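S.K.: build me a model:
(one chain, ligands or ions: 1)
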Amino acid sequence: MTVAAMLAAKGGSVITASPGELVSKIVERLAENKIGAIVVTDDKDAVCGIVSERDIVRDIARSGSSILGQPVSKCMTANVISCAEEDTIDQVMAHMTKGRFRHLPVQKDGRLIGIISIGDVVKRKIEQAERDAEDLRNYIAAG
Ligand code: AMP
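M.R.: Below you'll find the model as predicted:
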């Protein structure tokens, strides 16, 4: 399965923030949207960072709650790894495993066109395993 097929099923909408948005606002938006990360984009809509709940927890552990009053650019990861529509689910899993992160923005021609989370990957892998088991059962039953 490709990233394009996953996006066709789940849609391409992505929650984004600008670099100047306060971390306190990011926390609210993570909670409201029940998500674990927000992609940070500049005024030309280019991806310039990603902030996950882990970044915020890490900075609170390091320096206390003062981070909540800081712009998100202070705690985001600026070096974002993205994938492309033609990438496969196994390539996405390999990126996540190697980078030890759970979110992969999808970019096309420098534009953000979606995001794949580890939850999306696990859902697809379970569906595939169920299909494979069903095929095997049918094959055995056909004798
Ligand atoms: P996550 O597991 O996705 O919640 O993120 C764990 C750490 O990896 C955090 O520091 C994130 O900012 C960072 N991170 C998450 N996704 C990406 C990505 N696609 N590229 C680079 N860093 C990322």
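S.K.: every contact and neighbour count from this point should use C-alpha atoms.
M.R.: Will do.
S.K.: show me the contacts for residue 51.
M.R.: By CA atoms under 8 Å, 6 or more residues apart in numbering, the residues touching residue 51 are 37, 38, 39, 40, 72, 75, 76, 77.
S.K.: so which bits of the chain are right by the ligand?
M.R.: Within the chain, the positions near the ligand by CA under 6 Å from any ligand atom are 36, 50-55, 76-77, 79-82, 101-105.
S.K.: quick one, which of these are buried?
M.R.: Buried subset of the residues of the chain next to the ligand (neighbour count, 16 or more other CA atoms under 10 Å): 36, 50-53, 55, 76-77, 80-82, 102-105.
S.K.: in helices, which of those fall?
M.R.: Members of those lying in helices (criterion: DSSP state H): 53, 55.
S.K.: which residue sits closest to the most centrally placed residue in the chain, ignoring its sequence neighbours?
M.R.: Residue closest to the average C-alpha location in the chain (CA atoms, centre = their mean): residue 103, at 2.5 Å. Excluding the flanking residues, the one nearest residue 103 by CA to CA, 6 or more residues apart in numbering is residue 117, at 4.5 Å.
S.K.: that neighbour contacts residue 96, correct?
M.R.: No. Applying CA atoms under 8 Å, one finds residue 117 not in contact with residue 96, separated by 9.1 Å.
S.K.: who touches both of those two?
M.R.: The contact sets of residue 117 and residue 96 overlap at 102, 103, 104 (CA under 8 Å, 6+ apart).
S.K.: check what pLDDT the residue found closest to the first one once you drop the neighbours it is linked to in the chain gets.
M.R.: It stands for residue 102. Nearest residue to residue 102, sequence neighbours excluded (CA to CA, 6+ apart): residue 118, at 5.0 Å. The per-residue pLDDT reported for residue 118 equals 96.
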